[in-house]
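Student: Turn this into a structure:
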Amino acid sequence: MDRLDNLKKSFQSMKWYEWVMAVIMIFIAGYAMVDAFINPKPDGNPAWLTVINFISAVCGVFCIFFCAKASISNFIFGLVNTIVYAIYLFYWSIWRTFALEMIVYLPFNILSWIIWSRHRDEDRIELTKAKKLTPVQDCIVGAVVIAATVIYHYILVQIGGNVPWLDAATVAIGIIATGLEMLRFREQYVLWLITDVVAVAMFVQHFDPVYLTKKSIYLIMAVIGLINWWKLQKKNIENV
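Tutor: Numbers count the residues shown, from 1 in each chain. Coordinates of the predicted model:
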C-alpha cells in the first residue's frame, strides 16, 4: 500500500506540461503501433514489436518525469522500460546495446531503487534526498568521462571496426550519469543534457517519430530535472 500511495503522489505532482508531453508520446507511439497492424511493412518492425515500443515509450517518459522530481516511483517504470527495450534490441540483434542494458542499466536500476529508498526526504517520503558534488569531485567526474570514452572507444573498435568517437562518448557519459543518479547527485542532469542533445540530433537525421518524440521529451525533462534537483539539494543541505 505504501508503494501505491507513493506512486499516487508522484502522479498527482505532475505538472500540466508533463501531462501534455505524456499525451503526445502516447498518441505518436500508439499511432505507430496501430499503423504497423493495419499497414505492415516488410522492412519495418513487426506489429507485435511496435507494442513493445509503445510500452517502452510510455514507461520511459513516466520514468523520466518522476526521476526529474527525485521520485522513487521512477524505478517502477524504468525497470519495465529496460526489459521491454532489451526485447527490441534482442529481436534486431543489436548485441552491444543489449549487453549494455542487461549488464549496466538493469542492475543499476535495481541498486538505485534500493539506495534511493534508504534516503527518503523527511517532508515527502515518495522522494529521495539530492546531493551535489564538490568542485574537486566535478573535476574527477570530468576526467573519468574522458578516460571512459577512450577506453570504450578502444574496446568497440577492437570488436566492431570503425566506431565514431561521439558514439563512444555518449555511451560513456550515459553510464557515468546513471552512476551519479544511483548515488543521488544532481550533476547527473548535466551529463543527461549532453546525451539527450546528441540523441535528438541523431533521430532528426535518421527520422523516427516515436524515438524523436521520446528523446525530445527526455531533453526537456533533463533541463527541468536539473532545476528541480538543484532546489532539492539546497533544501536538504546534504553535501558530500
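
Student: Determine the longest helix present in this structure.
Tutor: Scanning the chain for the helix with the most residues, using DSSP state H, yields helix 209-236.

Student: buried ones in that helix?
Tutor: Of the residues in helix 209-236, 210-222, 224-226, 228-229, 232-233, 236 count as buried by neighbour count, 16 or more other C-beta atoms under 10 Å. Quick note: C-beta positions are derived from backbone N, CA and C, even for glycine.

Student: how distant is it from the center of its chain?
Tutor: Relative to the mean C-alpha coordinate of its chain, helix 209-236 is positioned 10 Å out (C-alpha atoms, centre = their mean, to the nearest Å).

Student: per-residue confidence averaged over that helix?
Tutor: For helix 209-236, mean pLDDT is 88.

Student: helices or strands next to that helix in the packing?
Tutor: Helix 209-236 is packed against helix 16-38, helix 47-68, helix 188-205, with contacts defined by 3 or more C-beta pairs under 8 Å, 6 or more residues apart in numbering; DSSP states H and E.

Student: And the shortest one, how far out from the chain middle?
Tutor: Pointing back at helix 188-205 there. Relative to its chain's centre, helix 188-205 lies at 11 Å (C-alpha atoms, centre = their mean).

Student: cool, and stretch 131-148?
Tutor: Distance of stretch 131-148 from the chain centroid (C-alpha atoms, centre = their mean) equals 20 Å.

Student: Over to stretch 184-194?
Tutor: The answer for stretch 184-194 is 11 Å, by C-alpha atoms, centre = their mean.

Student: what do you get for stretch 82-95?
Tutor: On C-alpha atoms, centre = their mean, the centre of stretch 82-95 falls 16 Å from the chain's centre.

Student: tell me the centre residue of this protein?
Tutor: Centroid-nearest residue in the chain, with C-alpha atoms, centre = their mean: I64, separated by 6.1 Å.

Student: Show me what counts as buried in the helix or strand harbouring R3.
Tutor: Per DSSP states H and E, R3 falls inside helix 2-12. Neighbour-count burial for helix 2-12, counted by 16+ other C-beta under 10 Å, picks out 6-7, 9-10.
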